[in-house]
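# Give me a 3D structure for the following:
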Amino acid sequence: MNNTVYEMITDAIIASLEKGVVPWFQPWVNVNGDMPSNFFSKTPYRGANVMTLAITGLARNYPTNFYGTFAQIQKAGGQVKKGEKAAPVVFWKFFKEKAEGEGDAEAVEGEGKRPPLLRYYSVFNIAQADFAFPLQLPEPPTLPGTFQILDNAETIARDYFARPGAPTLEHGTDRACYHPTKDRVAMPSPEQFFKAEGYYSTLFHEMTHSTGHKSRLNRRIEGGQGSKDYSKEELVAELGAAFLRARAGIRTVQEDEQSAAYIASWLKVLRHDKKLVVFAGAQAQKAADYIDPAPVAQEAEAAPVAAGEVGAPW
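Model prediction:
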């Protein structure tokens, strides 16, 4: 049982890292519960459960971070929807030996000499269930603060979304993503972010994804998670975001570490693909130039002058 539980948790975390998602880092606050918690006991989950439930919530796009067991949901008048899958929550079970003369040495819970065993039970997000009456959700957490616009970054984003045929931009979600079929970038509200740099870094990542749409640069951006195409596209998006941050003058240690984690995970997963870095770098550069063409135009305009200074024939 121990090995099975360890594998379940480790596989989920590895799968997330291989997709470029660091499950213990998120630069914004979720409006419907910042940390995964049990809705009925009001107890926040701890340890590896925070990561696995965060991964599950992102993958399945749950609107809240609140969970409960099947029995808790039923007791509250709810019914888990047909076909919904549970997520595991792990815990340590400690044992102590019964004293001599107390019968068989049956294990009972409590601290003792026997090594603890890792166990798990299943929980469902409350969005996976229908309730007879609406649930009274807790007040949303206080948002990080007043959002400070970064002028250069805002100009890049505003000009991109203002173009004819540009993707739409939707704010107010608890997940940052790009929907290729809807050609829409979805983002948490700016006020949900701890730092403006985190907002623009995340926005640039999704904007880079949107350049792969068939009406723009026509990259393969619809591969399933874990596929080679998906992995390449994620690396393109992260490099493109890094290029755009540099153009906007954004550089923070936290965001740079996040980018390094993304890139390192993709390089590890695709370490046998010797063409990956060249491919991703070239595609990311095209994406950044598509989003923000001004530097490209400036370089083209300055090229003849620079060349003429060193005796070029024109």
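
# Arg216 - how many residues pack around it?
Residues lying near Arg216 (other CB atoms under 10 Å) number 17. Every C-beta, even on glycine, is put in place using the N, C-alpha and C of the backbone.

# Make residue 1 into 285 and carry on from there
Okay, residue one is now 285; in that scheme the one you just asked about reads as Arg500.

# which residues touch Arg500?
494, 574 (CB atoms under 8 Å, 6 or more residues apart in numbering).

# That one should be in a strand, yeah?
No: using DSSP: H, G, I helix; E, B strand; the rest coil, the assignment for Arg500 is coil, not a strand.

# Phe378: how many residues sit nearby?
Per other CB under 10 Å, the neighbour tally for Phe378 reads 14.

# Can you tell me how far it is from Pro464?
Using CB to CB, to the nearest Å, one gets 49 Å for the distance from Phe378 to Pro464.

# likewise Gly456?
Shown here: Gly456 relative to Pro464, a distance of 20 Å by CB to CB.

# the more surrounded of the two?
Neighbour count, other CB under 10 Å: between Gly456 and Pro464, Pro464 has more, with 14 against 10.

# Going by neighbour count, list what's buried in stretch 407-424.
Residues of stretch 407-424 classed as buried by neighbour count (16 or more other CB atoms under 10 Å): 407-413, 419.

# Give the other helices and strands that the top helix by length along the chain contacts.
Using DSSP state H to define each element, the chain has its longest helix at helix 512-532. Packed against helix 512-532 by the contact rule (3 or more CB pairs under 8 Å, 6 or more residues apart in numbering; DSSP states H and E) you find helix 435-445, helix 480-494, helix 537-553, helix 560-575.

# rank those by mean pLDDT and give me the bottom one.
Ranked by mean pLDDT, the helices and strands packed on helix 512-532 bottom out at helix 537-553, with a mean of 54.

# hang on, the earlier thing: looking at the buried residues of stretch 407-424, which are in strands?
407-409, 413 (DSSP state E).

# Specify which member of those is nearest to Arg344.
Arg344 has its nearest neighbour among these in Asn409, at 7.5 Å by CB to CB.

# Contacts for stretch 460-471, please.
For stretch 460-471, using CB under 8 Å, 6+ apart, the contacting residues are 312, 451-455, 457, 459, 472, 483, 486-487, 489-491, 493-494, 496-497, 499, 505-506.

# So among those, which ones count as buried?
Counted by 16+ other CB under 10 Å, the contacts of stretch 460-471 give 312, 451, 453, 457, 459, 472, 483, 486-487, 489-491, 493-494, 496-497, 505 as buried.

# Number of residues surrounding the closest residue to Asn409 other than its chain neighbours?
Excluding the flanking residues, the one nearest Asn409 by CB to CB, 6 or more residues apart in numbering is Tyr346, at 4.5 Å. A count of nearby residues for Tyr346, using other CB under 10 Å, gives 23.

# do the same with the one 10 residues further on
Burial of Gln356, expressed as a neighbour count using other CB under 10 Å, amounts to 18.

# that older thread, quick check: mean pLDDT of the longest helix of the chain?
83.

# Check which residues of it are buried.
Counting neighbours by 16+ other CB under 10 Å, one finds that the buried residues in helix 512-532 are 514-529, 531-532.

# just for the stretch 285-434 of the chain, where's the confidence low?
Residue ranges of the stretch 285-434 of the chain with pLDDT under 70: 285-310, 313-318, 379-398, 423-429.
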